[in-house]
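>>> Can you look at this prediction? I've put the sequence above it.
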Amino acid sequence: MKLFQQLGADIEQRWRDKNYDEEIFPAIAEQSLIEADLPGKVSAWEVISWSLRETVLPEQRDLAGKFGDPPITLYNSPRFHIDVYFWLDGTTSIHQHGFCGAFQVLHGSSIHSSYNFELAESINMFTEIGEIRLQNCELLKVGDTRRILAGRDFIHSLFHLDRPSATIVVRTYRSPLHLPQFDYKKPFLAIDPFFEEPTTVKKLQSLSALLRIRHPETDKLISELLESADFQTTFTILSNVRDHLNSNHLDQFFNPSGTQDRFEKFLEIARKRHGSPTEIFPKIFRHSDKLNEIVRRRSFITNSDHRFFLALMLNVEGKERIFSLIKNRFPETDPAEKILDWTDELANTKVFGTNLPNALGIADFDNFDLFALETILKDLSEAETREKLQTEYGMEPTAEVMRNLAAKTEKIRQAVIFEPLFS
């Protein structure tokens, strides 16, 4: 671990020579990480082994393990520290930082997405409404290094593809001018995930207990709380209630419309109290449901290529971006053909212990459905489609066949898993 001490000492000297100017710290951290080339000299497993064998560790900056699984601090100075974050599962969190620095991939790979946020309305210091837009996506591999800028100059997400992944992070402790440190709930909300007001926290804990024991007064008490809650607390209550309702798989299986009707009553109370700003809530919850559904399917899949495909569907918007990342990972293949192969394999993968028809989540997905997807992915003209039907499928492109194809194309466009291709 002397390599991390040397890296820390090098950064400390370079930054001190610049009078600890925070504006240039990300560039110093990035350059020092690249020059040190720790991924070529130390493995993620050596970091874990060292942490278990060492009698006394450096002061651990994230003792509770809120960011990383686990986070391990390897170097401390009065103004910055160096951590290694381990990740066992991907994350779809879009966030900014209340600190600055740089990070480098030590083990595994990630989809790195950057965003901007166009502010429309500030509700309070901790909650804002606006539009979240994807700017860029890239595939990061071992040794890749990126700067961390404080505040809205660096809104991003990292979805870790391998289990585990590990990242070296050089960071300051806090940049007060860039607080709060927002999380972004697509497509319209920025909210401070670290905001805690003790009374509200305790009320949410009480509601959680009532929901879990199915107390008969639960809905009445939730309604009363929503009738007087501020906008920020309203969103938090609704989010917690929806998470609980969605986690109850028996209710979801036997009475999905009843669950939705129950939640809709709470939404209506929020609408009456806060008016037009609450129009963003259904869209945020629908997007969250879509992500959770794909995450759920991904948890059943062990094939690394299939997990990569589902990770793309979770994090990337637009066919061209998705094709570009597939080409990056599989340079010798046609991205459209790769998606068709993965789709066919997932459609024929059974998922036991769930109500899913297959890992794709689309019932009765056959070769004609696959052809419908091909026409979309390859932008086939009507003439090309008719010719392909005859030459490859031996089908006459009659009016009925074309109507059938149009219906299957619409089914694919509406499917949760393929939605990002058409964003």
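Noted; the coordinates are in hand. From a predicted model like this one, the values you see are computed outputs, not experimental measurements.

>>> I'd like the next helix or strand past the host helix or strand of His112.
Using DSSP states H and E, His112 maps to strand 110-124. Following strand 110-124 in sequence order, the next helix or strand is strand 127-140 (DSSP H and E).

>>> Which secondary structure elements does that next one sit against?
Applying 3 or more CB pairs under 8 Å, 6 or more residues apart in numbering; DSSP states H and E, one finds that strand 127-140 contacts strand 110-124, strand 189-191, helix 231-247, helix 319-329. Just so you know, the C-beta spots here come from the backbone N, C-alpha and C atoms, and that holds for glycine as well.

>>> Which one of the ones you listed lies nearest to Lys203?
helix 231-247 (8.4 Å; CB to CB).

>>> what's the closest one in contact with?
By CB atoms under 8 Å, 6 or more residues apart in numbering, the residues outside helix 231-247 that reach it are 123-124, 126-127, 189, 191, 195, 200, 204, 207-208, 211-212, 222, 225-226, 229, 251-252, 259, 262-263, 266-267, 270, 273-274, 277-278, 281, 285, 288-289, 292.

>>> so what's Gly151 bridging to?
Taking DSSP bridges as the rule, Gly151 bridges to His97.

>>> Could you do Thr145 as well?
So, taking DSSP bridges as the rule, Thr145 has Gln104 as bridge partners.

>>> That one contacts Glu30, doesn't it?
Yes - counting by CB atoms under 8 Å, Thr145 touches Glu30, with 5.5 Å between them.

>>> who touches both of those two?
Each of Ala102 lies in contact with both Thr145 and Glu30 under the rule CB under 8 Å, 6+ apart.

>>> For the chain, name the helix or strand with the lowest mean pLDDT.
Using mean pLDDT, DSSP states H and E, the weakest-scoring helix or strand in the chain turns out to be helix 249-254, at a mean of 48.

>>> after it, next one along is what?
Once the chain leaves helix 249-254, the next helix or strand it forms, by DSSP H and E, is helix 256-274.

>>> What average pLDDT does that next one get?
Mean per-residue pLDDT for helix 256-274: 88.

>>> Which elements pack onto that helix?
When contacts are defined as 3+ CB pairs under 8 Å, 6+ apart, helix 256-274 sits against helix 218-228, helix 231-247, helix 249-254, helix 280-299.

>>> ok, Leu57 - contacts?
Per CB under 8 Å, 6+ apart, neighbours of Leu57: Ser51, Ile72, Thr73.

>>> which of the residues you listed tops the neighbour count?
Tallying neighbours with other CB atoms under 10 Å puts Ile72 at the head of the contacts of Leu57, with 21 neighbours.

>>> Next up, phi/psi of it, please.
Dihedral pair for Ile72: phi -130, psi 120, per degrees, to the nearest 10.

>>> That one touches Val47, doesn't it?
Yes - counting by CB under 8 Å, Val47 is a contact partner of Ile72 at 6.1 Å.

>>> between those two, what contacts are shared?
The overlap between the contact sets of Ile72 and Val47 (CB under 8 Å, 6+ apart) consists of Val84.

>>> So for stretch 70-86, what gets flagged as buried?
71-76, 80-86 (16 or more other CB atoms under 10 Å).

>>> again with stretch 301-313
For stretch 301-313, the neighbour count (16+ other CB under 10 Å) marks Ile301, His306, Arg307, Phe308, Phe309, Leu310, Ala311, Leu312, Met313 as buried.
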